[in-house]
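> Here is my input; please provide its structure:
(one chain, ligands or ions: 1)
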Amino acid sequence: MKETIAVRKGDGSTSQVVVGDVLGTLPDYLPAGKRVIVITDANVYDLYAPVIDRYEKIVIGQGEGNKTHATLLEIYERLLEMEADRGCFILGFGGGIVTDIAGFVATTYMRGVRFGFVATTLLAQVDASIGGKNGVNVGGYKNMVGTFSQPGFVLCDPNVLRTLPKREFRAGLAEIVKAGLIADPALFALFENHFFEDFSEDGPLLLEAIARAIRVKKQIVEADEREAGERRKLNLGHTFAHAIEKSSRRFLHGEAVAIGTVTAARVSCKLGLLDAALAERIRTVIERMGFPVDAGVSDYRLAEALRLDKKKEGDEVALVLLRGVGDCVIRPVPFDQMETLIAEEE
Ligand code: GLY
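Model (predicted):
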């Protein structure tokens, strides 16, 4: 079974996101007669060498530490050595770090070559690989240099998620919960009505959750491809998550997003936007999925990390806050209120 979700780009063309049993049909999505160069990481290459070895490849190091301009330079130099010209097609094959880097390389090498992705983590399938945000970190700050440029296609095959460590799989679910809270109450209800094991063991349920999350992202990206406003909603929980990730190395990104989402619900409640019972329901659902809900970092340190965020605007930060399930708003919140707002009541 497979479903194609077409994301309309600003120029009127579409990015095809294909969800389902699709990896075996990869050649059908590649441009006929073109030279295909795969960008992947060492871990993904070990798992998928028989597929990747059909093409030329560049294998980068694994992990966030490699999402740098040094890796970009290495790739550009390899492409030059390989005499790759503007006619080549770049295939990013991996998780969000690989697709962010591959997308940036494809958008900038020789002023742009065509590209597509095979997304191999849940987080990449439901968020990172979709919508055209590409880039690298600079000076410890995430995604400070990048482009908006959508791939020709993204293949999201849930079969590839079987090799994901349980913790990483769970972390990807946080982005799906987020999508439900932003715009799809029926998606959020799946998490109220099922346990973590249901998502890891029930193929059709997982497929439905992935496809619903992608449809939420499609809707938002089509409305605001370059993040002038509406797209900021996809950052629900992320402003807090980035502050948590800066203050503590204990958490995977998705885990920090889960804590950040609970924090956003609490702040929404304190600002009078969200009913206290609903904030508690959100916390319960996230906790029941096995996520941490407390960063173990003092409110002061978190508030400071938010204040030092490079993407802040003056004395305020624009937070994505909740008014209900499937109903969020963007509100500027002054830094001097932050510590009080994020604090849990005793
Ligand atoms: N990951 C958030 C976005 O694509 O806008």
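
> A helix includes Lys216, no?
In this structure residue 216 is Val, not Lys. Yes. The assignment for Val216 by DSSP: H, G, I helix; E, B strand; the rest coil puts it in a helix.

> Please identify the helix or strand for the nearest residue in space to it that is not next to it in sequence.
Spatially, and ignoring its direct neighbours in sequence, Val216 is nearest to Ala179 (4.1 Å; Cβ to Cβ, 6 or more residues apart in numbering). In short, each C-beta sits where N, CA and C put it, glycine included. Assigned by DSSP states H and E, Ala179 belongs to helix 166-183.

> just checking, what packs against the helix or strand following that helix?
Next in sequence after helix 166-183, counting helices and strands by DSSP H and E, comes helix 185-193. Secondary-structure packing of helix 185-193 (3 or more Cβ pairs under 8 Å, 6 or more residues apart in numbering; DSSP states H and E): helix 166-183, helix 203-223, helix 276-288.

> for those, which one ends up most surrounded?
Most buried of the helices and strands packed on helix 185-193, by mean neighbour count (mean count of other Cβ atoms under 10 Å): helix 166-183, with a mean of 24.

> Just the CA trace of that helix, in CSV.
Output of helix 166-183 as CSV, limited to C-alpha atoms (Å, rounded to 0.1, in the frame of the first residue of the first chain):
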residue,chain,number,x,y,z
LYS,A,166,13.3,2.0,20.0
ARG,A,167,14.4,5.2,21.7
GLU,A,168,14.9,6.9,18.3
PHE,A,169,11.6,5.6,17.0
ARG,A,170,9.8,7.0,20.0
ALA,A,171,11.6,10.3,19.5
GLY,A,172,10.1,10.5,16.0
LEU,A,173,6.6,10.0,17.4
ALA,A,174,7.0,13.3,19.3
GLU,A,175,6.8,15.2,16.0
ILE,A,176,3.6,13.3,15.1
VAL,A,177,2.0,14.2,18.4
LYS,A,178,3.1,17.8,17.6
ALA,A,179,1.4,17.7,14.2
GLY,A,180,-1.8,16.5,15.8
LEU,A,181,-1.8,19.3,18.3
ILE,A,182,-1.1,21.9,15.7
ALA,A,183,-3.8,21.0,13.2
